[in-house]
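Peer 1: Requesting a structural model of the entry that follows:
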Amino acid sequence: VQLVESGGGSVQSGGSLRLSCAASGFTYSRYSMGWFLQAPGKEREGVARINNFARTSYADSVKGRFTVSLDNAKNTLYLQMNSLKPEDTAIYYCAADRRFWSLLSSDDYNYWGQGTQVTVSS
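Peer 2: Predicted coordinates:
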């Protein structure tokens, strides 16, 4: 299984970014895929997740601003991030697991990408 993130970068507060995660070798019919962030000196935390039933979950801090989606034809997970804030600055990781009930705990995911940096300036 390989997960490759892209789309990170630097943006000013209030701006938008869309992250992508291209998945290969992950062929389970039931699964959960998610986005996590890790800020310097802090633990990794869940941001958003979607499963094969298209059920989504979001951290309270991003509800109404971020949207997770999945293009099955392209095997690509997305995270649309709007109204970005400086506190959203972190490395963002894509994760996947065959347990479709996995939510926003990093312990519930076995496959991880290398991460992409998002920096939001005030």
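Peer 1: Quick one: the strands in this protein, in order.
Peer 2: 2-6, 9-12, 17-24, 32-38, 45-51, 56-58, 66-71, 76-81, 90-97, 111-112, 116-121 (DSSP state E).
Peer 1: Show me the contact partners of the second one.
Peer 2: For strand 9-12, contacts defined as Cβ atoms under 8 Å, 6 or more residues apart in numbering pick out 17, 84, 117-122. Bear in mind the C-beta positions are built from the backbone N, C-alpha and C, glycine included.
Peer 1: Return the set of buried residues in it.
Peer 2: Of all the residues in strand 9-12, those buried under the rule 16 or more other Cβ atoms under 10 Å are V11.
Peer 1: Parallel or antiparallel, list what pairs with it.
Peer 2: In the sheet, strand 9-12 lines up against strand 116-121 (parallel) (DSSP bridges).
Peer 1: how far does the partner strand sit from the chain's center?
Peer 2: Centre-to-centre, strand 116-121 and its host chain are 14 Å apart (Cα atoms, centre = their mean, to the nearest Å).
Peer 1: Also stretch 35-42?
Peer 2: That offset, for stretch 35-42, works out to 11 Å (Cα atoms, centre = their mean).
Peer 1: how far does it stretch from start to finish?
Peer 2: Using Cα to Cα, to the nearest Å, one end of stretch 35-42 lies 16 Å from the other.
Peer 1: And stretch 109-122, what's buried?
Peer 2: 109, 111-113, 115-116, 118, 120.
Peer 1: same check, this time on stretch 77-97
Peer 2: Those buried within stretch 77-97 under the rule 16+ other Cβ under 10 Å are 77-79, 81, 84, 88-97.
Peer 1: Now for the residues you listed: which two are most distant?
Peer 2: Greatest spacing in these, by Cβ to Cβ: L84 and D97 (27.0 Å).
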